[in-house]
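[1] Need the 3D shape of this:
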Amino acid sequence: MRAAAWPRGLGPSRRLSTATRSAGWALAALVSLSGLLAGCTHGAIGSSRSVPASPVSRAEADYFLSIAYGSEYGTRADRLRVWGRDITVRMFGSPTGADTVELDRVIGELNTLAGRRVMRRVSDAANLGVYFVGQEGFDRHAPAYARQNAGYVAIRWDKRSRIYAGTVLVRSDGLSDRRRRHVIREEVTQALGLLNDSERYPESIFYEPRSEVTEFAPIDRAVIRLLFDYRHLVGARAPALRAAVERRVGG
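    Residues are numbered from 1 along each chain as shown. All right, here's what the predicted structure looks like:
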């Protein structure tokens, strides 16, 4: 998949995943963004400075930092970027019933990992649009997307590194059911701000080579939890976040 991150007011930023990675910026059909930043005083969904004391492994810490600070295409992520408000998701294009079920399943799992409801699907104004379109339609929503990808994701953030909008593209033709489920899970998860891919764990949803993984691996769940655990450090550079995470390594 392919992913991209764009700072506010700039063009495509970056981030590509495997043949699925997401990202292109489609503001047009996304919905009104007026007032998206209103009331965001701390800039992170459920912003809380209470970090769990539970230990994490060296592998989990290193993988989290590599996924949070990398990017396949676009602007390289040199700061931690997280959503500045709860995420509202709207489907566009030609989703199937199975697509809706899978998207709801992924949203539910992400909420569980966050420890509260941070994402919900809506039918009106939204800040994350998920488009199910044929590959020939990708250009309309993401002119910079990498060809031959099954999915793409683009996010936008403000000067404090708070994400305020995003676009996910999922190819609606030419994919097996399992591959399509994989693309939905990967792109929506990466829209959280986890834009990089890796060749380290084949069972991971962030695995860069072509994959059909349809469940979060244990290390994926650890990475996602860590993102929410340290959301109050939005805008932090890698050394600062690493120092915070290091205090939990090994218990």
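[2] ok, the longest strand seen in the chain: who's next to it in the sheet?
    Determined from DSSP state E, the single longest strand within the chain is strand 162-171. Strand pairing for strand 162-171, using DSSP bridges, gives strand 82-83 (parallel), strand 128-133 (parallel), strand 151-157 (antiparallel).
[3] Which strands and helices lie in contact with the very next helix or strand once past it?
    Later in the chain than strand 162-171, the nearest helix or strand by DSSP states H and E is helix 177-190. The contact analysis (3 or more CB pairs under 8 Å, 6 or more residues apart in numbering; DSSP states H and E) places helix 177-190 against helix 97-114, strand 128-133, strand 151-157, strand 162-171. (C-beta placed from N, C-alpha, C; glycine too.)
[4] starting at the chain centroid, how far to helix 177-190?
    Distance of helix 177-190 from the chain centroid (CA atoms, centre = their mean, to the nearest Å) equals 11 Å.
[5] got the buried residues for the helix or strand following that helix?
    Heading C-terminal from helix 177-190, the first helix or strand you meet, by DSSP H and E, is helix 218-229. Buried residues in helix 218-229, counted by 16 or more other CB atoms under 10 Å: I219, D220, R221, A222, V223, I224, R225, L226, L227, F228, D229.
[6] Repeat that for stretch 107-125.
    Quick answer for stretch 107-125 (16+ other CB under 10 Å): I107, E109, L110, L113, A114, V118, M119, R121.
[7] ok, now stretch 206-215?
    Quick answer for stretch 206-215 (16+ other CB under 10 Å): F206, Y207, E208, S211, V213, T214.
[8] re the thing from before, how about JSON lines for the buried residues of helix 218-229, with distance to T88 and pLDDT added?
    Converted to JSON lines, those look like this (distance: CB to CB, whole Å; pLDDT from 0 to 100):
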{"residue": "I219", "distance to T88": "28", "pLDDT": "97"}
{"residue": "D220", "distance to T88": "23", "pLDDT": "98"}
{"residue": "R221", "distance to T88": "23", "pLDDT": "98"}
{"residue": "A222", "distance to T88": "26", "pLDDT": "97"}
{"residue": "V223", "distance to T88": "23", "pLDDT": "97"}
{"residue": "I224", "distance to T88": "19", "pLDDT": "98"}
{"residue": "R225", "distance to T88": "22", "pLDDT": "97"}
{"residue": "L226", "distance to T88": "24", "pLDDT": "97"}
{"residue": "L227", "distance to T88": "19", "pLDDT": "97"}
{"residue": "F228", "distance to T88": "17", "pLDDT": "96"}
{"residue": "D229", "distance to T88": "23", "pLDDT": "95"}
